[in-house]
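A.B. asks: dropping a prediction and its sequence here:
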Amino acid sequence: MNLKRANLQMVGKLTVVTLGMFAFGYALVPIYKAICEVTGINVLALGEQVLSGKDKTTTSNSQIDTSRTITVEFDANSRGPWDFKPAQRFVEVHPGELTTVMYEFQNIQNRRMAAQAIPSYAPQQASAHFNKLECFCFNQYILEPGEKKSWPVAFVIDPKISKDVKTITLSYTFFEVGGKTPPAPVASVHNSATNGG
């Protein structure tokens, strides 16, 4: 009889724990929203808050610094025989503003290749404030002979970036992964004993 009673107590405890976990899961949604509003973590959601007043359909993003403009220049370098370039050379953006640009690529070889891009920034201090939400540099790609691709880069420049920064250059170097592209030249080292000198 004690065993049956102990089992019933255990079932009761597990039921309470299950209901508690279920209730906690529902409570997380408003807690998460409150934390995001206080800390400003969810920048895109904050930007869609509705203004009070006559026009209730108008939205504003308090995260965008409209008092200044930064020129973002785009550069493309490639280590190998293919075409790689930005669709536009520069854009002017406000810090905090979501911007999307395209990069174009074509494999002009007669063979399949795997490739990836690595980004770099100038000035270097801009890298901490240049937030990419979507970028082809996150992945490796397989491209067939003659295949063309257009890839987006969606980014936001943090409004906390120094006011001295007026221009940022985003540069990508595209390279083949495990392919036939020769490595960068290395200075040769001669052994003086072997060369007799």
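C.D. replies: Arrived safely.
A.B. asks: pull the number of nearby residues for the nearest residue to R112 once chain neighbours are set aside.
C.D. replies: Excluding the flanking residues, the one nearest R112 by C-beta to C-beta, 6 or more residues apart in numbering is E144, at 5.5 Å. For glycine as for every other residue, the C-beta is placed from the backbone atoms N, C-alpha and C. Using other C-beta atoms under 10 Å, the number of residues around E144 comes to 10.
A.B. asks: so E144 touches Q106, yeah?
C.D. replies: No - here E144 does not reach Q106: they are 10.8 Å apart, not a contact under C-beta atoms under 8 Å.
A.B. asks: mind listing the shared neighbours of the two?
C.D. replies: Residues touching both E144 and Q106 (C-beta atoms under 8 Å, 6 or more residues apart in numbering): none.
A.B. asks: could you chop the protein up by domain?
C.D. replies: 2-41, 70-176 (automatic domain parsing).
A.B. asks: hey, least reliable of those by pLDDT?
C.D. replies: Among the domains of the chain, domain 2-41 carries the lowest mean pLDDT, a mean of 76.
A.B. asks: now the helices for the chain?
C.D. replies: 2-39, 43-46 (DSSP state H).
A.B. asks: turn the domains of the chain into JSON lines, including distance to I64.
C.D. replies: Formatted as JSON lines, the domains of the chain follow (distance: least, C-beta to C-beta, whole Å):
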{"stretch": "domain 2-41", "distance to I64": "13"}
{"stretch": "domain 70-176", "distance to I64": "4"}
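A.B. asks: most tightly surrounded among these?
C.D. replies: Per-stretch averages of neighbours, counted by mean count of other C-beta atoms under 10 Å, single out domain 70-176 among those, with a mean of 16.
A.B. asks: how far does that domain sit from the chain's center?
C.D. replies: 11 Å (C-alpha atoms, centre = their mean, to the nearest Å).
A.B. asks: show me where the chain has strands.
C.D. replies: Ranges of strands in the chain, per DSSP state E, are 70-79, 83-86, 90-93, 99-106, 113-122, 130-134, 141-143, 148-157, 167-176.
A.B. asks: for the shortest one, which helices and strands make contact with it?
C.D. replies: Think strand 141-143. Applying 3 or more C-beta pairs under 8 Å, 6 or more residues apart in numbering; DSSP states H and E, one finds that strand 141-143 contacts strand 113-122.
A.B. asks: show me what the residue nearest the centre of the chain bridges to in the sheet.
C.D. replies: Against the mean C-alpha coordinate of the chain, by C-alpha atoms, centre = their mean, the closest residue is K132 at 3.2 Å. With DSSP bridges as the criterion, K132 is bridged to F155.
A.B. asks: again, but for K85
C.D. replies: Beta-bridge partners of K85, as defined by DSSP bridges: E104.
A.B. asks: that one: what's it in contact with?
C.D. replies: Counting by C-beta under 8 Å, 6+ apart, K85 touches A76, Y103, E104.
A.B. asks: what's the closest of those to C137?
C.D. replies: Distance to C137, by C-beta to C-beta, is smallest for Y103 among the contacts of K85, at 9.4 Å.
A.B. asks: since that was my last question, I'll sign off now.
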